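Student: Take a look and give me a structure for this.
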Amino acid sequence: MDNDLNFETFLFVSEKKLIIYVNSKADQQIYKKELILEETSTELNFDILDYFLNENIFKIEKVIKGFVKKIILILDYREFFSIDVSIKKNNYEDILNLKSLNYLLYELKDYCKDSVYGAKITHMIIKNYLIDKKSYSFFPENMKCNSFSLDVRFICLPRNLIKKVEIILKKYQVSLNHVVNANYISEFLDKDENNIFLITKKVIAGHNSNEVMLVNKIPKNQGFFEKFFSYLS
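Tutor: Have a look, this model is predicted:
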């Protein structure tokens, strides 16, 4: 039985604590373990992370009666950095559609990849649409316009840090499914939903309609970007 179809495993990593959390597809908590780190620590301790996983991966597999194959990493770490970029395109009174948007997103992603060599883009968020000098917080599809532009934020992380985590996970035959920024995810917490793991699940599924999901497979309910999600990975 493929337990990835029935359970999801999350790993929260910060300078202050480590948490491993498993929930069912029905969002029921199956397993949770937290380790508080020394307050004097200012960097991620990969030896402690290795120890923490060694103490918990096999316990989880015993509970779920199967193997943990993938982990979603929620990282709260100072090495994240953001790049804000704007791009403009003349539209010559044509209808604004997904193809127009797709074109600009390709350009922006290629620009960011060239500019941040050695870093991984973890989030790509459209902050504003400017259509004929009028701002929109959503994509105004099927509108005629002379020009339109996008303000986009890229949240990035050095690849060498991710590589270190992947090396540790590989010892337990576990792969890294997603990497998300904890501060960004926290923006969606509220009094009705304050579980960062469940919010992470929603964000990965397309909770923010203005986030371009950088995934290999097209998820359900992905909103406006459904036609080109798979091409932006």
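Student: all strands of this protein, in order?
Tutor: When secondary structure is read from DSSP state E, the chain shows strands at 7-14, 17-24, 29-36, 70-76, 81-96, 119-131, 134-136, 143-158, 175-181, 211-212.
Student: Within its sheet, name the partner strands of the second one and how each one runs.
Tutor: Counting by DSSP bridges, the strands paired with strand 17-24 are strand 7-14 (antiparallel), strand 29-36 (antiparallel).
Student: now do the last one
Tutor: Sheet neighbours of strand 211-212, with direction, are listed as strand 119-131 (antiparallel) (DSSP bridges).
Student: can you state the direction angle for the helix or strand bottoming out on mean pLDDT in the chain and strand 119-131?
Tutor: Taking mean pLDDT, DSSP states H and E as the measure, the helices and strands of the chain show their lowest mean at helix 98-115, namely a mean of 80. With axes from the mean of the first three to the mean of the last three CA atoms, to 10 degrees defining the directions, helix 98-115 sits at 140 degrees from strand 119-131.
Student: In terms of secondary structure, what does helix 98-115 contact?
Tutor: Helix 98-115 sits against strand 81-96, strand 119-131, strand 143-158, with contacts defined as 3 or more CB pairs under 8 Å, 6 or more residues apart in numbering; DSSP states H and E. The C-beta positions use only the backbone N, C-alpha and C, and glycine is treated the same way.
Student: Residues contacting the first one, please?
Tutor: Same thing as strand 81-96. Residues lying outside strand 81-96 but in contact with it, judged by CB atoms under 8 Å, 6 or more residues apart in numbering, are 100, 103-104, 107-108, 111-112, 115-116, 119, 127, 130-131, 140-157.
Student: PyMOL command to pick out the buried ones of those?
Tutor: PyMOL command restricting the contacts of strand 81-96 to the buried ones, with burial defined by 16 or more other CB atoms under 10 Å:
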select buried, resi 100+104+108+112+116+119+130+131+145+148+149+150+152+153+154+155+156+157
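Student: So in terms of bridging, what pairs with the residue most central in space within the chain?
Tutor: For the chain, the residue sitting closest to the mean C-alpha position, by CA atoms, centre = their mean, is Val180 at 3.7 Å. With DSSP bridges applied, Val180 shows beta-bridge pairing to Ile74.
Student: Next up, the contacts around it.
Tutor: When contacts are counted by CB under 8 Å, 6+ apart, Val180 touches Ile72, Leu73, Ile74, Leu75, Thr122, His123, Thr200, Val203, Ile204.
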